[in-house]
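Undergrad: Pasting the sequence and the predicted model now:
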Amino acid sequence: MTFINKLDAAWAANDSLLCVGLDPDMARLPAQFQSAPDGIYRFCTEIIDATADLACAFKPQIAYFAALGAEQQLERICAYLRDKHPHIPLILDSKRGDIGATAKQYAREAYDRYGADAVTVSPYMGGDSVEPYMEWTDRGVIVLCRTSNPGGSDLQFLEVNGRPLYQHVAQLVADKWNSNGQCALVVGATFPEELAQVRAIVGEMPLLVPGIGAQGGDIVATVTAGKTTAGKGMMINSSRAILYATAQAGEDFAAAARRVALETRDAINAAR
Ligand SMILES: O=c1ccn([C@@H]2O[C@H](COP(=O)(O)O)[C@@H](O)[C@H]2O)c(=O)[nH]1
């Protein structure tokens, strides 16, 4: 089954466009996990189990693991997800970009080592830098287009031939790079006008949309701008707002994560 087929099935099975981000920040983990050698694994797998019926994808961000030398825990988390929740796509957020020979190794890292269904990549080294990822024809390649951070405008808004650069990226991916139908784009929820522009350029192509929750993106504006004609087409990511949701006295972290994931999934669905 390809990434796109798997995503389509997960959208339907869980009636969800919510992507749950796995960004384990040691300083914010519950105390019982901070001192445990496999604390990151245990925290993330409890979050996965608490939200798996509410999510269309899980997205571990590799920096949170690599910074702590915790890649083996990430490997185990990915294996757990594939084993216990095989119908939910696994997106490795690593945003790599390099010459073809090196990109080939990054593709192996994402697809072989971690068994990811899809990986985020930077477009700025051009076609030959993303080609090695495309050789894995059943996997997804999610290209940065209009990122959610304010500084994304520094380059992505530069006018090139009368059009902002991010629109050229969207057009290039839609017209050339997506010849196998395996591509998606990253477009931030913090920029709904640009999200609508990208949707108009790329038709039904899936969009990974970070920026709701901790970054403050508006859910209704995001869904209105980014949905396809069928009311789908997005993986709307929330990480910190779900992972560190505990607010009510006596509520445990996994129950709190589930509560916020459910509220977020339902708020997205109400706007579809
Ligand atoms: O444009 C982008 C691309 C990726 N991200 C990543 O998404 C999550 C967002 O986390 P929150 O806690 O929900 O803000 C994080 O892993 C980023 O690296 C992004 O935010 N914007």
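TA: Ah, there it is.
Undergrad: Close to the ligand: what parts of the chain are there?
TA: Contact residues, the chain versus the ligand (CB under 6 Å from any ligand atom): 21, 23, 61, 93, 147-148, 186, 188, 210-211, 213-215, 237-240. Yep, even glycine has a C-beta here, placed from its N, CA and C like the rest.
Undergrad: redo that, cut-off 5 Å
TA: Counting by CB under 5 Å from any ligand atom, the residues of the chain close to the ligand are 21, 23, 61, 147-148, 188, 210, 213-215, 238-240.
Undergrad: my read is residue 47 is in a helix, agree?
TA: Yes - counting by DSSP: H, G, I helix; E, B strand; the rest coil, residue 47 falls inside a helix.
Undergrad: Could you report the separation of the residue nearest to it when sequence neighbours are not counted from the ligand?
TA: The shortest distance from residue 47 to any non-neighbouring residue, by CB to CB, 6 or more residues apart in numbering, is to residue 257 (5.3 Å). Distance, residue 257 to the ligand, by CB to the nearest ligand atom, to the nearest Å: 12 Å.
Undergrad: which of the residues of the chain next to the ligand count as buried?
TA: Neighbour counting over the residues of the chain next to the ligand (16 or more other CB atoms under 10 Å) leaves 21, 23, 61, 147-148, 188, 210, 213-215, 238-239 as the buried ones.
Undergrad: related to what we said a few turns ago, okay, and which of the residues of the chain next to the ligand map to helices?
TA: Counting by DSSP state H, the residues of the chain next to the ligand place residue 240 in helices.
Undergrad: Make a markdown table from the residues of the chain next to the ligand and add pLDDT to it.
TA: Shown next, in a markdown table, are these (pLDDT from 0 to 100):
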| residue | pLDDT |
| --- | --- |
| 21 | 98 |
| 23 | 98 |
| 61 | 98 |
| 147 | 98 |
| 148 | 98 |
| 188 | 98 |
| 210 | 98 |
| 213 | 98 |
| 214 | 98 |
| 215 | 98 |
| 238 | 98 |
| 239 | 98 |
| 240 | 98 |
